[in-house]
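1. Sequence and predicted structure are below.
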Amino acid sequence: MKSLVLLVGLMCMVGIHGDMYMHNPRGSNNRLDEAGRERNNGNRMFDSQNNNRGGYNVGSLAYMAGSVLPIEWTNQHSCGDPNAHCEIIIQYMCGDWVRDGASTSTIPENPAQCYNYDCNRDIRYGMHETYDYYLNCKQTEREANLFTADQNLNGDSAKYTRQNPKGTRRAYECPEERDYYPYWRPSPWRDIVVMTNDASRCEYYQAESANVKSRYACVLPLGYIQENINEDDPIIPITQPECESIYYQEAGNPNVTRGEWTEFPAHGIEAPDCREAHWSRDNHLGNGVSGQPNTYNWTLPANLEHERCAMRIRYNISTGEYDGWDPANINADLNNQNRNDPSQLNVAERLGLDEDEAEDRGYVFENNPNVDLFGTDDFTLQLAINTAQYGRTFQDRSHTFAVRKPVGEFRDATIHNLNVRGKRGNIVQVFPAVEYDFVPNTLEVQPGDYVHPQWTGSNTNPNNNDGQGLPGTDRSNMVPLAEQVYSEGGSSYYAPNIKYGHFGRSYPQEIMNSTFAGFTIETMTNMAVTQPNQFRGEMSELDDAGTYFDLGPQKVTQAGTYHYMCTRNNNFSNRSQKGRLIAKNEVVKYESIGYTGGNVTGPSGNLEFQKGTLDHLEDIKLEEWEPERGEWEIEDQGNEVDLPGEGYASKYIIVEPTHEFTTDNATFTISINLIGSSYDSIGVYRSDPYNLAMWEKIDHEQSGKTANIAVKGGGAYVIRGATSNVALIVGIIVAVAVVVLIVGAVVFFRRNPEKWSSITGACSGAGGKV
């Protein structure tokens, strides 16, 4: 007899809401300019499945097309880890209808509740997807072959899913499109990147992306739609035969129209990037393995130009109870046959039990099963399982942003966005958002690049949240940090460039005596007092400054490492809103390369990884040094510059990680461009960039002006040239022969002066003729 039941959690992920938050651009989590710690309406724009306390009040910025935008987020449950299957998908949409709105109420479904019966244009309400899109969703049949376990869906349209069995509406989002990727029907969202635990799926993801592949859907006559608009059952089929079997004839009209199976073109942009996800740990809304936020650097499309765009990030996690990637076996055939019955999914096989014993002991896939762990039939433990959340999608979306066409000097420039994340309060008060920080916290550029400082904030944070200045307000600025006064830390990280300011200081440098990336005094003043957006006022704590600041792209003209701070957000509760700008004369390139392969390309070198070279995600760094910089590094380490060969035939190419990191002895190719004089032979040499004392000659293949080497790991590489002995000997022989001829001629003409006179006379006579 089962006399005792205890409640335990099988996995914490099932019982916790609060999983995916975007911090740059600022994710709303359905929040809009609200003064409470919890959002007012979790159904305002989309289904996040997140904690009510997440999100930022505002977040609208204007980026330049072609600029680099760091996208930052935190996800509570692991990714890039064997504890769960994980996919993170980042997308964007742009449209004249996209807006944040002015109310926290959900946009109505009934047009009669909107101005002029047009909800698409009623700017009181936030909106991403349109009314017509949602109407089509709720009138379209759902995909009936999906596995829904023991969830009892309240209808048969695409607004009912395993995660949304009651068909709850969140603005005009289509639940089926939200829950599944890649989605088989048209969607307004455009793919940026897919990050996955299993990169072997990348070819599938990229080929099926709506960026490159069109979609088909049934388009029914408008009159037919209007006559059936209030039907509870869906009227739009999802197969071509069913679509084309629908005929409609309006009253008094002899013409008959029928459903059309219609192709909706692809978005016509590149397939999304696809790679493994960076590692993150379970039950931790924090930084990744490197101690830095999980980030994806998105280069905004050069041809993108729109004032109303939004971004969404979706996070799908599932456990090992079943293989959701096996639709031949995991499908509607395993759904429960009757209400209150468990699903027919066989979890017994993975536990080493036969089906009868598993069912008798409660090892079935249903909500909150009571399992008999000991087989005694008198003691069970209840598992906190919700089958709607096994294979679960979380989501966050940004506030609207603009993408503008660069003009003038910015047209062909490399532009790096520099933003501020976080909101007012200490870590407990703002969680699961974050405290203030610059994004990226450390930004590497080259002189000639542009940095675009820009941020926004809110005036309606909770008034009792910690912080300086007017209660409830976000404000930021940028001022150079004071110089180091104590001897903590070494200087090798910054060499050979000059270090300006120090993270260990909490005082700013005097502006008139400051140097910052070559910026003018006027520019540094504007950074400090948030001009030109602000003119005068009480600015000691930036209270009279506006919430939005845009310095515009600023050209970096001077190398160095520059540390800076925000003067306002520097108290004990939220100390150290500080950042670092590193401007290097040397080329530095970063790429995350995984199973699918890829390239890291600089002006003088290229790293090529074929598919399967790596079985994991690796952060690759490529740096190029001029010969003078390479020799400086050698001498700085206390070594003598004594490289083989006679001269440089290439720049120094530095590749990190320096250790071997390929899979099963696979190799990747480093291609190095040859420079300098023509040498009769060249040699490629490798060393450890952190110990340049020893150089090893390695094999290479030369193709024109390029040397290719196959390697398993990084290091410092350089090509040295040499002139062969044969060429030297030939040169000496030719020189000796010339000398002999000259000496012989002099002797001959001295003994025979009449011959010399005859020759010079002939030449003189020829010179007077035309």
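-> All right, it came through fine. Residues are numbered from 1 along each chain as shown.

2. where exactly do the helices run in the stretch 1-150 of the chain?
-> For the stretch 1-150 of the chain, helices defined by DSSP state H, counting those that start in this stretch occupy the ranges 12-15, 131-139.

3. Lowest mean pLDDT across the ones you listed, which one is that?
-> Ranked on mean pLDDT, the bottom entry among those is helix 12-15, at a mean of 34.

4. Quick check: phi and psi at the spatially most central residue of the chain.
-> In the chain, the residue lying closest to the centroid (Cα atoms, centre = their mean) is residue 296, at 1.9 Å. Backbone torsions of residue 296, given as degrees, to the nearest 10, read phi -130, psi 120.

5. Next, the contact list for the closest residue in space to it that isn't next to it in sequence, please.
-> Of all residues not flanking residue 296 in the chain, residue 71 sits nearest, at 4.8 Å (Cβ to Cβ, 6 or more residues apart in numbering). From N, CA and C alone the C-beta is placed, and that goes for glycine too. By Cβ atoms under 8 Å, 6 or more residues apart in numbering, the contact set of residue 71 is 22, 24-25, 90, 295-298, 311, 313.

6. How about residue 33?
-> 57-58, 458, 460.

7. just checking, residue 142 touches residue 156?
-> Yes: Residue 142 is within contact range of residue 156, at 5.9 Å (criterion: Cβ atoms under 8 Å).

8. With neighbour numbers in mind, choose between the two.
-> Ranked by neighbour count (other Cβ atoms under 10 Å), residue 142 and residue 156 place residue 142 first, with 20 against 14.

9. on that earlier part again, out of the contacts of residue 33, which is nearest to residue 620?
-> residue 58 (36.4 Å; Cβ to Cβ).

10. picking up where we left off before, what is in contact with residue 142 and residue 156 at once?
-> In contact with both residue 142 and residue 156: residue 234, using Cβ under 8 Å, 6+ apart.

11. sorry, back to before: ranking by neighbours, what's the top pick from the contacts of residue 71?
-> residue 25 (30 neighbours).

12. what's the most distant pair in the contacts of residue 33?
-> 58 and 460, at 8.8 Å, using Cβ to Cβ across the contacts of residue 33.

13. Comparing these two, which residue is more hemmed in?
-> residue 58 (21 against 16).

14. what residues are up against that one?
-> Counting by Cβ under 8 Å, 6+ apart, the residues that residue 58 touches are 26, 33, 399, 456-458, 547.

15. picking up where we left off before, please identify which of the contacts of residue 71 is nearest to residue 634.
-> Nearest member of these to residue 634, counting by Cβ to Cβ, is residue 297, at 32.1 Å.

16. pretty sure that closest one is touching residue 67, no?
-> No: in this structure, residue 297 is not within contact of residue 67 by Cβ under 8 Å, at 10.5 Å.

17. what's around residue 116, how many residues?
-> Around residue 116 there are 8 residues (other Cβ under 10 Å).

18. Ignoring the adjacent residues along the chain, who's closest to it?
-> In space, residue 116 is closest to residue 122, 7.9 Å off (Cβ to Cβ, 6+ apart).

19. measure the one you found to residue 101 for me?
-> 9 Å (Cβ to Cβ, to the nearest Å).

20. residues shared between the contacts of the two?
-> By Cβ under 8 Å, 6+ apart, the residues touching both residue 122 and residue 101 are residue 107.

21. Let's test this: mean pLDDT of stretch 670-687, rounded?
-> 91.

22. Please spell out which residues along that stretch are buried.
-> 670-675, 679, 682-687 (16 or more other Cβ atoms under 10 Å).

23. One more: stretch 418-438?
-> So for stretch 418-438, counting by 16+ other Cβ under 10 Å, buried means 418-425, 429-438.

24. Just the ones in strands from the residues you listed, please.
-> By the criterion of DSSP state E, membership of the buried residues of stretch 418-438 in strands covers 418-421, 437-438.

25. nearest to residue 475, of those?
-> residue 420 (9.7 Å).

26. Report the contact partners of the closest one.
-> Contacts of residue 420 (Cβ under 8 Å, 6+ apart): 436-439, 455-457, 476, 566, 577.

27. can we see that at 7 Å?
-> 436, 438-439, 455, 476 (Cβ atoms under 7 Å, 6 or more residues apart in numbering).

28. Save these as JSON lines, and put in distance to residue 595 and pLDDT too.
-> As requested, the contacts of residue 420 are exported to JSON lines (distance: Cβ to Cβ, whole Å; pLDDT from 0 to 100):
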{"residue": "436", "distance to residue 595": "37", "pLDDT": "93"}
{"residue": "438", "distance to residue 595": "33", "pLDDT": "96"}
{"residue": "439", "distance to residue 595": "28", "pLDDT": "97"}
{"residue": "455", "distance to residue 595": "36", "pLDDT": "97"}
{"residue": "476", "distance to residue 595": "40", "pLDDT": "94"}
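
29. All the strands of the stretch 551-700 of the chain, residue numbers only.
-> 554-555, 560-565, 578-583, 587-593, 598-601, 605-609, 618-625, 647-648, 652-660, 668-673, 681-688, 691-698 (DSSP state E, counting those that start in this stretch).
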